[in-house]
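In: Sequence and predicted model, in that order:
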Amino acid sequence: MKYSDLEKLFQMLQTEGKASDLQFSDLSGAKGDEKELLSRISQISSLLGCKTDSELEALLSNAYPVSDTLDSVKFDVTGLIRFKQPIREITLGAGSRKKIIIGGEKTMPYFFDAAAPNTARVTMDVFDMPVGLAKSVRANYEDVMEDPAAWAKKAVSEFGADMITIHLVSTDPAIKDTSAREAAKTVENILQAVDVPIVIGGSGNPQKDPEVLEKAAEAAEGERALIASANLSMDYQRVGNAAKKFGHVILAWTQMDINAQKELNRKLFRQCGTDPDGLIMDPTTAALGYGLDYAYSNMERIRMAGLTGDTELAYPLSSGTTNAWGAREAWMITSPQSQDSDWGDREYRGPIWEIITGMTLALAGNDLFMMMHPKAVLFLKEFTEILGNSAPVGFEKMNDDWLTEVF
Amino acid sequence: MSKQVSPLTIYPLLPDDCESLFGTSRMAIATQLAGKKLKAGEIKKIYEKLPPEFAEKYEKLADLLSPLIREIEIGAGSRKVIIGGDDVMFRHTLSFYNKPPIAADVWDTLNEAELTERVDKIRSFKKFYVGDFLHLDMIAVRSASGNPEIFGKCVEKIIERSDLPLILCTKNPEIMLAGLEAADGKNPLMYACDVKNRKEMTKLALEYDVPIVITAAGNLDALKSLSSTLQKDGVSKIVIDPGAACYGPEFKNTFQNFIKLRKAGLDGDKDSAFPLIALPIAARKSSAPPANEKMPREIIADYHETVAASALTVRYADIMIIHGLEGHELLPIVHAADMIYTDPRTPSSVEPKLYKIGTPDMSSPVLFTTNFALTYYTVESDLISAGFSGYVLAVETGGLGVEAAAAGGQLTAEVVKKSFEEARFNFEEETTHQTLVLPGLAARLQLDIEKSMNITAVVGPMDSGRLAKWLEENWPPKNRE
């Protein structure tokens, strides 16, 4: 017998209206006192008409009557609101390149009401000069840092890159001021080295980039590259025009502002005559812990707007997932905060930071991921392929081994 | 699909005299209630003092504002948690409520020393984040022994050591009973009731008046049937387990089950309108993928567990159980939960102005960063924890971080100069050193700033986490009086 049995019996007594006869309505005296407990239980059970222990047990087990059979009801759920239009499909790669198609979604990312026609793709970063990289990233590229073509080759053959991004960082006047002509040569070398579609990135210098990207676009004519990027604080027209003229796709980059994204897209379509199948959006990626929630909701809003009828926003999305490495959690050996618990081995902490940053945006609708760490690429692809798989899968592995196993 | 109440619907249910009762206008109260900045429960006391006809109005109000997904309390005392309470499919349309508590597991075959060590590790975990700490919230106890007595003892020991709310994990009613006895009064969550043990588990849930998880290996018809039957029998505190495949092709089922259940719950299916539990811990089981040439098995499981935990956090998990306690796993998981449950209406920028940290004097360092809230608060807390007083100028960049703003042209020497002028900060008069510390990520502005502001610009560390060390080595600046 236990205290809860006494409570239960007292409750029954109350329901039957007999509790008022009882001297004690406060039961707590029996808590922890075996003798008192038994005496009170026997007192109440006799009031309830129990004569034997087995009658008492039967009474207790019926205290909470439970349905004998399980209801049989069917689960039913309706899809999301009827969307007005799918996201545009954009093809990257032509000429001597393999082709890759992204976009084409008909519902929110990996929702159950429509399968996505194309899988998420990863383009891996290559720089045209050795750059500062987190230790666990650098370890993978140590042997190729001086040679962008070899770097690109390694990323494709060893790390499974779907595409290569060549960042022409050395063209920045504050870095090496490499000429646009020389940068174009680097692009040619990359095109020679790999047969996957490429992304051509500038240095981020708004004065120099238009010239650099123009020359680079010319060098890659007919290969349908992604030109990264046009943004509102530069001569976007010149970049947009070059992309169109040489048959490329333009990356429209804005900074976490859906209205700015709409404005830039519209300007590219109207002023540069960008084709409706020639634009991808980069609404900016912030790292986990450093504003990823803003990046996430901004992307989700853009995707929702596209599906619900905003033709200017119904385009695939690209993410600079590599920005995850800007988070101190990705690369510092230990926490700068003395009160923090152990941060663990950065060798494993870095890649997972890049994975979670990318996965979160995959769930907001992102299609193309610019990434760096081979392990991060591996897991991001694994999970986006699992979620994007259009074939039905079974439930056989949903057992509960985890409940009783010792790990 | 989602429930959003208009302030105009709330307005007639409020008393006329809001100004004196609440200290603000009737419409303002209506707006706060509609936006969930204020909860019905918080104004209950005021209604109780009003004339009797307001009792009915309060009921209407409470009903109108009750969330579509049930709120359920687990645990007792100061560490108790509330789960559920959501009203929308997409956080940008309102906000998600009640950040999902993260439970880490222990099991009853650990010896006393191991158990103590693991419990201590769970309860003491903390990660600093913009002025506060992120934590683990609960302990899940699993019965690996299969023995009720051993399980009960284990639960007792945990309770002696920690006040975190518990999840009792077993499908055996006898073992569950032992756990419930040991945790009497602690309001633990039972995991779990399935079609086989339903009757016994339902009785236990009713008898101990505790919340209970229903599970059916991802079978949604069985889950709905369980929910319906349990409710009929008087159980109201239900948590649903949509399925526990956390890697491999089956993860798609788990993931989509979360979406289906939440959608149905928000659409008015009363059997599905309960909080959902995620089980990233299931990435661990013995059939999990083996090691490969790139990674040890344990790390692969850590990664699977972490990805499942954060993906399901985005898609509607209201509570979860994990196993791994390494930094590379806990850091992303606690950050992911925190980020998704941050109110998206929180402004992303701080007021662009000059902030005094501590008690700066003329020899204190002067720094700048951007007015992106996360950037500013990170720099501020790093400076404080380094034990430095100083000036930090938050430059208006439209809420962008340093790297993005320097690349995008929102952060230039001219902008920095203008910001200092607007803050009326004169280096000549207010510092002995006439030196400005640049964020490492804005190094490219150094020469321009020196030229346009006629001061010394030194490049600080790439990450403000290194400010302490950097200032120790570089402050006061050399070659100056």
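Out: The structure has been received and is ready for your questions.

In: In the stretch 251-400 of chain A, what residue lies closest to chain B?
Out: Closest residue of the stretch 251-400 of chain A to chain B, C-beta to the nearest C-beta: residue A:344 (2.5 Å). Every C-beta, even on glycine, is put in place using the N, C-alpha and C of the backbone.

In: So residue A:166, which state does it fall into?
Out: Here residue A:166 is strand, with the state taken from DSSP: H, G, I helix; E, B strand; the rest coil.

In: where does the stretch 101-250 of chain A dip in pLDDT?
Out: By pLDDT under 70, the stretch 101-250 of chain A has no low-scoring segment.

In: Show me where it has its helices.
Out: With helices called from DSSP state H, counting those that start in this stretch, the stretch 101-250 of chain A shows them at A:135-138, A:148-157, A:180-193, A:209-219, A:236-245.

In: Now do the third one against helix A:209-219, angle only.
Out: Counting by axes from the mean of the first three to the mean of the last three C-alpha atoms, to 10 degrees, helix A:180-193 points 40 degrees away from the direction of helix A:209-219.

In: which residues are in contact with helix A:180-193?
Out: For helix A:180-193, contacts defined as C-beta atoms under 8 Å, 6 or more residues apart in numbering or on different chains pick out A:96, A:126, A:128, A:148-150, A:152-153, A:164, A:166, A:168, A:170-171, A:198, A:200, A:208, A:211-212, A:214-216, A:218-220, A:223.

In: Buried residues, it. List them.
Out: Across helix A:180-193, burial judged by 16 or more other C-beta atoms under 10 Å in any protein chain shown covers A:180, A:183, A:184, A:185, A:186, A:187, A:189, A:190, A:191, A:193.

In: if I look at the second one, how far off is residue A:372?
Out: It stands for residue A:183. For residue A:183, the distance to residue A:372 equals 21 Å [C-beta to C-beta, to the nearest Å].

In: for chain A, which strand is longest?
Out: The longest strand of chain A (DSSP state E) is strand A:121-127.

In: strand partners of that one, parallel vs antiparallel please.
Out: When sheet partners are counted by DSSP bridges, strand A:121-127 sits next to strand A:163-167 (parallel), strand A:368-371 (parallel).

In: So which of those is nearest residue B:206?
Out: Residue B:206 lies closest to strand A:368-371 among the strands paired with strand A:121-127, at 49.4 Å (C-beta to C-beta).

In: can you give me the offset of the closest one from its chain's centre?
Out: Chain-centre distance of strand A:368-371: 11 Å, with C-alpha atoms, centre = their mean, to the nearest Å.

In: what does that strand contact?
Out: The contact list for strand A:368-371, computed with C-beta under 8 Å, 6+ apart, reads A:102, A:120-125, A:163, A:165, A:199, A:226, A:280, A:316-322, A:354, A:358, A:361-362, A:377, A:380.

In: one more time with 7 Å
Out: Identification of contacts with strand A:368-371 by C-beta atoms under 7 Å, 6 or more residues apart in numbering or on different chains yields A:102, A:120-125, A:165, A:280, A:316, A:318-322, A:354, A:358, A:377, A:380.

In: now stretch B:274-285
Out: Against stretch B:274-285 from outside (C-beta under 7 Å, 6+ apart): A:401-402, A:405, A:407, B:69-70, B:72, B:83-84, B:105, B:213, B:227, B:238-242, B:244-247, B:258, B:261-262, B:265, B:301, B:304-305, B:308-309, B:312, B:316-323.

In: Tell me the span between the first and last residue of it.
Out: End-to-end distance for stretch B:274-285: 27 Å, by C-alpha to C-alpha, to the nearest Å.

In: got the angle for the longest strand of chain A vs helix A:148-157?
Out: Strand A:121-127 runs at 160 degrees relative to helix A:148-157, counting by the same axes, to 10 degrees.

In: gap between strand A:121-127 and the chain center?
Out: The answer for strand A:121-127 is 17 Å, by C-alpha atoms, centre = their mean.

In: by contact count, what packs against the host helix or strand of residue B:420?
Out: In the assignment (DSSP states H and E), residue B:420 maps to helix B:413-422. For helix B:413-422, the packing partners by 3 or more C-beta pairs under 7 Å, 6 or more residues apart in numbering or on different chains; DSSP states H and E come out as strand B:390-395, helix B:446-453.
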